[in-house]
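[1] Give me a 3D structure for the following:
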Amino acid sequence: MPEARPLTFLCITTYEKGQEFMRECKRQGCSVILLTAEKLRDADWPRETLSDTFYLPAEIPVADIVKAVTHLARNHKLDRIVALDEYDMETAATLREHLRIPGMGLTTMRYFRDKLAMRMRALDRHVRVPDFVPVVNHDDIRYYLEHVPGPWVLKPRQEASAIGIKKIAAADELWPVLEQLGDKQSSYLLERFVPGEVYHVDSVVSENEVVFTNVSKYGKPPMNVAQGGGVFTSYTVPRGSDADSGLRAINRDLIAALGLVRGVAHAEFIQAHADGNFYFLECAARVGGAYINEMVEAATGINLWREWARIEIAGGDGSYQLPPLREEYAGVIVSLARQEDPDTSAYNDPEVHLRIKKHHHAGLVLKSADPRKIPSLLENYARRFAEEFTAVEPPRDKPTA
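    Now for the predicted structure:
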């Protein structure tokens, strides 16, 4: 029997991220080819781990990427195609289906990219979601507006985070917005605005089983930060608390409903002030942004990028095992900064675990064995960040690198 050859990964990303995924693939003996944007030619890629790198011009059609990768596949036998960013998931799924490479196909991919598809699927499987309506049939929309009290939020179906979301206070505000959208209306959904506390659940999934879960709570809801500016914070929820236990159970049901076989997931939920129930907001089959991975690793020892790579390498052969866990607590604080390289040295509590180095950003990852310590520190730090560092930019209607 011939000796098994090393796997070849094609990693696709149009954002600078996923370096630890690539490093872990290399550590495990795999060959890694990077397909990224031309604008990222000089980015900080782990070049020592890459066997080749290819750059794509801006706005290239998916059909042309398929042609280019098919040409590449003549001389490289591709075993895995992985999108390291949410915006590249459709490209990766299209390539997998065209080349018949194992992994998530287009149908399942839409449950993790299309907010309407994921809501309909979750609702069908009895996961609670805010009342919503597709922005398609105007009679349906009128009925919805008459029977679901406002305010509402108009959400792009395939954007990440809070990009492009508009809050609608009254019914007569909606129709001019839809008129302006024109033929793009159907790319949106209308949803009841639910005031509450926002949580995120970060998971590792192996063969349909959620093998790792970390439940965290945002300080200020991401939509508020994205649209109004300010300081982003998140921290580990006390383990065994009602929020922790409840969200772990809901998240297991959600992952099963959406059909993720293997990989990582970042899901967001809101606990409504009105009734105390958790409502599902969105889920992506990727590692969470805003240094959430670093926060999760500080609390648990689990690096989500690394485990994702190991699961993809195992590929369903049953060999994947989650490494031993720690059960500590962590938090992250990040802000856009007025200074090019802000100095955070005055933040010198022993809980400071990592200083985030990024131009025009101030950020820290905190770590403690005490679940009460991190939230109180973050509250104090957020006030100081707002005074010392924070800059505000207008809300984005589309993503930037």
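
[2] burial of residue 209, as a residue count?
    The burial metric for residue 209, expressed as a neighbour count using other Cβ atoms under 10 Å, is 12. In short, each C-beta sits where N, CA and C put it, glycine included.

[3] do residue 42 as well
    Taking other Cβ under 10 Å as the criterion, the count of residues near residue 42 is 6.

[4] From residue 164, how far out is it?
    Relative to residue 164, residue 42 is positioned 29 Å away (criterion: Cβ to Cβ, to the nearest Å).

[5] pLDDT below threshold where in the chain?
    1-4, 160-162, 226-228, 393-401 (pLDDT under 70).

[6] which residue is nearest the centroid of it?
    The residue lying closest to the centre of the chain (Cα atoms, centre = their mean) is residue 288, at 3.7 Å.

[7] all strands of the stretch 51-200 of the chain, in order?
    Ranges of strands within the stretch 51-200 of the chain are 52-56, 80-83, 132-134, 152-156, 166-168, 188-192, 196-206, based on DSSP state E, counting those that start in this stretch.

[8] From one end of stretch 31-47 to the other, what's the distance?
    Stretch 31-47 has an end-to-end distance of 12 Å (criterion: Cα to Cα, to the nearest Å).

[9] Repeat that for stretch 306-323.
    End-to-end span of stretch 306-323 (Cα to Cα): 11 Å.

[10] List the contacts of that stretch.
    Identification of contacts with stretch 306-323 by Cβ atoms under 8 Å, 6 or more residues apart in numbering yields 7, 9, 20-22, 24-25, 28, 30, 80, 82, 102, 204-207, 211-212, 261-264, 287, 301-302.

[11] Buried members of the residues you listed into PyMOL, please.
    To isolate the buried ones among the contacts of stretch 306-323 in PyMOL, judged by 16 or more other Cβ atoms under 10 Å, type:
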select buried, resi 7+9+20+21+22+24+25+28+30+80+82+204+205+206+212+261+262+263+264+287+302
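
[12] how near is the residue lying closest to residue 145 once chain neighbours are set aside to residue 384?
    The shortest distance from residue 145 to any residue other than its chain neighbours is 4.5 Å, reached at residue 171 (Cβ to Cβ, 6 or more residues apart in numbering). In this structure, residue 171 and residue 384 are separated by 42 Å, where distance is defined by Cβ to Cβ.

[13] same deal with residue 204?
    On the measure of Cβ to Cβ, residue 204 and residue 384 end up 34 Å apart.

[14] thought residue 140 was touching residue 147?
    No. With contacts defined as Cβ atoms under 8 Å, residue 140 does not count as touching residue 147, sitting 10.8 Å away.

[15] Between the two, which has more neighbouring residues?
    Each of residue 140 and residue 147 had its neighbours counted (other Cβ under 10 Å), and the higher figure belongs to residue 140 (13 against 9).

[16] Identify the residues contacting the more buried one.
    By Cβ under 8 Å, 6+ apart, the contact set of residue 140 is 133-134.

[17] one more time with 7 Å, if that's ok
    Under the criterion of Cβ atoms under 7 Å, 6 or more residues apart in numbering, the neighbours of residue 140 are residue 133.

[18] for residue 56, same thing?
    Listed by Cβ under 7 Å, 6+ apart, the contact set of residue 56 reads 35, 37-38, 65.
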